[in-house]
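Enquirer: Any chance you could fold what I've pasted below:
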Amino acid sequence: MRDSSTIMRERQRTIRRELDRRGISLKAVSFDSGIPYSTLCSYFPGNERGTEEKQPAELPIGAFYALQGAIPDDLLNLLLKDGYAIVRVPVGIDYDDVSSGCREYLDAKERAHHPESEEGREIGPTEKAELGAKVVRLRA
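Expert: Residues are numbered from 1 along each chain as shown. A predicted model of the protein is given here:
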């Protein structure tokens, strides 16, 4: 099994390739994060033509903290263990609306599991569509 530092270095290289592909410059990341450009280059080295690929420096937790908001969350997620993700906490939550949406979902799910529903105890296609729409509303 590969050690965690090898895995992290590969992920840091992947982040750099994806930043380049998306047109996000390390200078912009430096400006947004406050991390000096040369330091970012050590965390996310490029593979310039004619040069040997450099090993990324170990990324400290303070740098990871500073990179939040400067690098897209889906890329920072690569630095987390599988199954974990950065999730932004919504602002301006209407808790009554969330409660109502949860109750609507639970009511629809109970109806879908009723023996006399579309597919009996199993959830049928129409019921899946209805439940999916309620889940989307809750997530939004």
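
Enquirer: In this protein, which residue sits furthest out from the middle?
Expert: residue 116 (39.7 Å; CA atoms, centre = their mean).

Enquirer: Am I right that that residue sits in a strand?
Expert: No: Residue 116 is assigned coil when assessed by DSSP: H, G, I helix; E, B strand; the rest coil, not a strand.

Enquirer: can you tell me how far it sits from residue 30?
Expert: For residue 116, the distance to residue 30 (CB to CB, to the nearest Å) stands at 62 Å. Heads up, the C-betas are built off the backbone N, CA and C, glycines and all.

Enquirer: neighbours of residue 23, just the number please.
Expert: Residues lying near residue 23 (other CB atoms under 10 Å) number 7.

Enquirer: Please apply the same query to residue 135.
Expert: By other CB under 10 Å, neighbour count at residue 135 equals 12.

Enquirer: again with residue 43
Expert: Neighbours around residue 43, by other CB under 10 Å: 20.

Enquirer: Need phi/psi at it.
Expert: Here is the backbone geometry of residue 43 (degrees, to the nearest 10): phi -80, psi -40.

Enquirer: wait, doesn't it sit right on residue 54?
Expert: No: between residue 43 and residue 54 there is no contact under CB atoms under 8 Å: 10.7 Å.

Enquirer: I'd like to know which helix or strand in the chain has the lowest mean pLDDT.
Expert: Here the helix or strand of the chain ranked lowest by mean pLDDT, DSSP states H and E is helix 125-139, holding a mean of 81.

Enquirer: What helix or strand is the residue most central in space within the chain located in?
Expert: Nearest residue to the geometric centre of the chain (CA atoms, centre = their mean): residue 74, 3.8 Å. Using DSSP states H and E, the secondary-structure element containing residue 74 is helix 73-76.
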